[in-house]
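Peer 1: from the sequence below, what's the structure:
(chains A and B)
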There are 2 protein chains.
Amino acid sequence: MHAELLAVGSELTSGQTPNTNVTYLARRLQELGIACLRQIALPDASAIIVEELRQALRRSPLVIVTGGLGPTVDDLTLEAIATATNRPLLLHPPVARRIRAFYHAHHRRLAQRALRQASVPSGAAALPNPLGTAPGLWLRLGTTVLVALPGVPREMRAILDGSVLPRLRRLQRTRPIVSRTIRTIGWVELQIQAALKQILIPPSVEIGLYPHLLMVDARFTVRGRPRRVAVRLLDRLEGALRRRLGHAVYGIDEQTLEGVIGQLLARRHATLAIAESCTGGLVADLITNVPGSSRYFLLGVIAYHNRMKEELLGVSPRLVARHGAVSEPVARAMAEGVRRGAKADYGLAITGIAGPTGGTVKKPVGLVDIGLSDGRRTLTRRCHFVGDRSAVKAQAAQAALDWLRRSLLRRHVTR
Amino acid sequence: MHAELLAVGSELTSGQTPNTNVTYLARRLQELGIACLRQIALPDASAIIVEELRQALRRSPLVIVTGGLGPTVDDLTLEAIATATNRPLLLHPPVARRIRAFYHAHHRRLAQRALRQASVPSGAAALPNPLGTAPGLWLRLGTTVLVALPGVPREMRAILDGSVLPRLRRLQRTRPIVSRTIRTIGWVELQIQAALKQILIPPSVEIGLYPHLLMVDARFTVRGRPRRVAVRLLDRLEGALRRRLGHAVYGIDEQTLEGVIGQLLARRHATLAIAESCTGGLVADLITNVPGSSRYFLLGVIAYHNRMKEELLGVSPRLVARHGAVSEPVARAMAEGVRRGAKADYGLAITGIAGPTGGTVKKPVGLVDIGLSDGRRTLTRRCHFVGDRSAVKAQAAQAALDWLRRSLLRRHVTR
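Peer 2: From the prediction side, this is the model:
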């Protein structure tokens, strides 16, 4: 089975809001073996929504539309569905009761507009929304299913996970699409491509390469084979690629660099402290996005002002005066200082010039020094990144975390 | 003029990679007054790409396709353009020379595949790519323009900004679309809607409301009026909305909460230090995303371990033992401690339970205590947020930053 996703909202087509709903939807559908062949974002304009709905319903056995179900005047999706499917909107009394109860529970006066959300196209089932007032809709049209979900991401997800996916699982009788993503850092796209060429890959396997700053994801997809056969094939391909790329492979599928580091630290009962300057908290933010990170992450110090580097991390003022705040000696002293201060097993430090200002001829924007200390020794490395402030921050964070990961794999700080 | 965007890549339709290119493209086009009527993401599948290209070229005077221009086997866009427009691919000698030189400069051996990128559809202009090998394409087909850009975001942006936008500016002769976004925090969507109802808004003005956690953006759009007239109308609407919402309006258009705080701190020559626990560096990361933040941001301490709260922030162990790490007294002590330690004018502290574990009946996941100190006094507030780990972190950061902003507007710490 394949699907099309329609996301309604001028905030999407104008570029004001990133379209996170389709990313989430596509991923969940993929897990069910439902390939998503088109994702279309549309403005709040009735004629276009109706036209695209009609086309999508002609083409695809499953159409999911998000957004435009709310109570406000620019919410046009319900009317568009009614027009495109030629079904009248009927008041749905249980939904109306739910909306009244919701307003009552939240001590708000019921706006008349809010009851707009209680209309559903004739024949549609209303899917309960545990987090808001607009219900989801499930409408069978012959062999086609049309699903409508609110655009607020957490409501969309709640209805999808609670009501839509269980129904789709029952509906889904096709063979699955099985895929695996091998996540790498440190090699460029064409190097990965060259490594893939050395592996015997059956023509039925689709390959995609997806670079993101210092990282490249390589994805293998197998279609129309029984799951067990596909998984065995993917195991073989993953093994072959890992043998060629070694520690450049940091994980698979949904694994993140920070998640893998968390597993390594937890398994070794080791603790971590981080001293950041140019990354400004980004490295600690990533580390603490991992549930359970409080077991191994003790302390982050964002020593943005040089005085803080001296007072909190014990970096000697003479060192800063002599080499500058962005220098390998200062990165070393920061790593040692934060490790010592937190009594942690590992100390990681990042100092650099994120830009757009602050660069010089000798120390341009993008220059970053990283220090890593494990108590036995402290090493530093110097990197040059290209890009704007956020790209420099992100690359510096990736490089620092990757170095920590590789050192954890070898159990002590190494190049 | 209006446009359609086609983004090619199975990493997009499978939900593996968020589609950031279309967001950026739509925003830049919007600035030129070019409305984006459809954004379509497609998998790496020739037939679908060709079909959608043909439809888009029939419908829209400007079609921009991103992705699939690279050297690897799943890069199908060049061939699809050749098929859809019925134009042969020709080797473009200057592009081939550029690719050879690029490989030479990067000390890499030229892969034969890399020269695939030197083919362009007959009649197309090659747009220089300063950051990579795949050039952009500009192809006039009667009154329609087809633009093709690589999918790597920084290359796409470089070619768009360097070559495409200047050409579009020359092409663009229509009246502009002028819009303004009023950014608010602390009011819910229906409250903003009610405030809008009290304002006289001409029917020619489009209104959109876009909630994001604690924030709601309200956007006014005026089409087909001379820019000066539109701007005057938007000034009036902005003023009317500001009178109703007061300090809930934190900025307009591209302004961010952290950027506004930066302006307020810089203008008052005031400095800031932040102590974070559950937000894990996110608040400091946001603050330091603002260029020039080193002028006012002195120090961040992520005291993830209670011992760090005691040693680095001077929070008394008895306080933690008596009230727990997530408590108003501890938030107060953290705010005072970090302010004192950094000798900053303002100390902001966040402690809470981000989840998914760590919650109890009395202190559930989502409970967050915030402290704010200006040396004269320290206040605390308690919040309850709903959502997963990242949603709790994000809402806690928004709430803490907003409180700081409101206090800066009043020049001392207030509720």
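
Peer 1: kindly state the domain boundaries assigned to chain A.
Peer 2: For chain A, automatic domain parsing gives the domain ranges A:2-171, A:177-252, A:257-410.

Peer 1: to B:Ile370, which of those domains lies closest?
Peer 2: With distances scored as C-beta to C-beta, the stretch of the domains of chain A nearest to B:Ile370 is domain A:257-410 (16.8 Å). (Glycine included, C-beta is placed from N, CA and C.)

Peer 1: get me the contact residues on the stretch 151-300 of chain A for chain B.
Peer 2: Applying C-beta under 8 Å from any C-beta of the partner chain, we find that the stretch 151-300 of chain A lies next to chain B at A:152, A:154, A:179, A:181, A:189-190, A:193-194, A:206-212, A:217, A:219, A:221, A:274, A:276, A:279-285, A:287-289, A:291-294, A:297-300.

Peer 1: now, those that are in helices?
Peer 2: A:Arg154, A:Glu189, A:Leu190, A:Gln193, A:Ala194, A:Leu282, A:Val283, A:Ala284, A:Asp285, A:Ile287, A:Thr288 (DSSP state H).

Peer 1: just flag the most distant two among those.
Peer 2: Using C-beta to C-beta, those span at most 42.8 Å, a distance reached by A:Arg154 and A:Ala194.

Peer 1: next up, the contacts around A:Ala134.
Peer 2: A:Leu69, A:Gly70, A:Pro71, A:Gln117, A:Pro150, A:Glu155 (C-beta atoms under 8 Å, 6 or more residues apart in numbering or on different chains).

Peer 1: quick one: secondary structure of it?
Peer 2: Look at A:Ala134: counting by DSSP: H, G, I helix; E, B strand; the rest coil, its state is coil.

Peer 1: rewinding a little: in ChimeraX, how would I select just the buried ones from the ones in helices among the residues of the stretch 151-300 of chain A next to chain B?
Peer 2: The buried residues among these can be selected in ChimeraX (16 or more other C-beta atoms under 10 Å in any protein chain shown) with this line:
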select /A:154,189,190,193,282,283,284,285,287,288
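
Peer 1: save the ones in helices among the residues of the stretch 151-300 of chain A next to chain B as CSV, and put in pLDDT too.
Peer 2: As requested, these are exported to CSV (pLDDT from 0 to 100):
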residue, pLDDT
A:Arg154, 90
A:Glu189, 86
A:Leu190, 87
A:Gln193, 91
A:Ala194, 92
A:Leu282, 97
A:Val283, 98
A:Ala284, 98
A:Asp285, 97
A:Ile287, 98
A:Thr288, 97
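
Peer 1: just the ones in helices among the residues of the stretch 151-300 of chain A next to chain B now: which is nearest A:Pro18?
Peer 2: A:Arg154 (15.4 Å).

Peer 1: one step back: the contacts of A:Ala134: which two are farthest apart?
Peer 2: A:Pro71 and A:Glu155 (12.8 Å).

Peer 1: so which of those two has more stuff around it?
Peer 2: A:Glu155 (22 against 19; other C-beta atoms under 10 Å in any protein chain shown).

Peer 1: so what pLDDT did that one get?
Peer 2: What the model reports for A:Glu155 is a pLDDT of 92.

Peer 1: separation between it and chain B?
Peer 2: Going from A:Glu155 to chain B by C-beta to the nearest C-beta, to the nearest Å gives 10 Å.

Peer 1: was I right about that residue contacting A:Leu127?
Peer 2: No - at 10.8 Å, A:Glu155 does not count as touching A:Leu127 under the criterion of C-beta atoms under 8 Å.

Peer 1: quick one: strands adjacent to the strand or helix carrying A:Gly347?
Peer 2: A:Gly347 belongs to strand A:346-352 when elements are defined using DSSP states H and E. Note on strand A:346-352: by DSSP bridges, its sheet partners are strand A:272-276 (parallel), strand A:367-373 (antiparallel).

Peer 1: could you dump those into TSV and include distance to A:Leu146?
Peer 2: Output for the strands paired with strand A:346-352, formatted as TSV (distance: least, C-beta to C-beta, whole Å):
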stretch	distance to A:Leu146
strand A:272-276	48
strand A:367-373	50
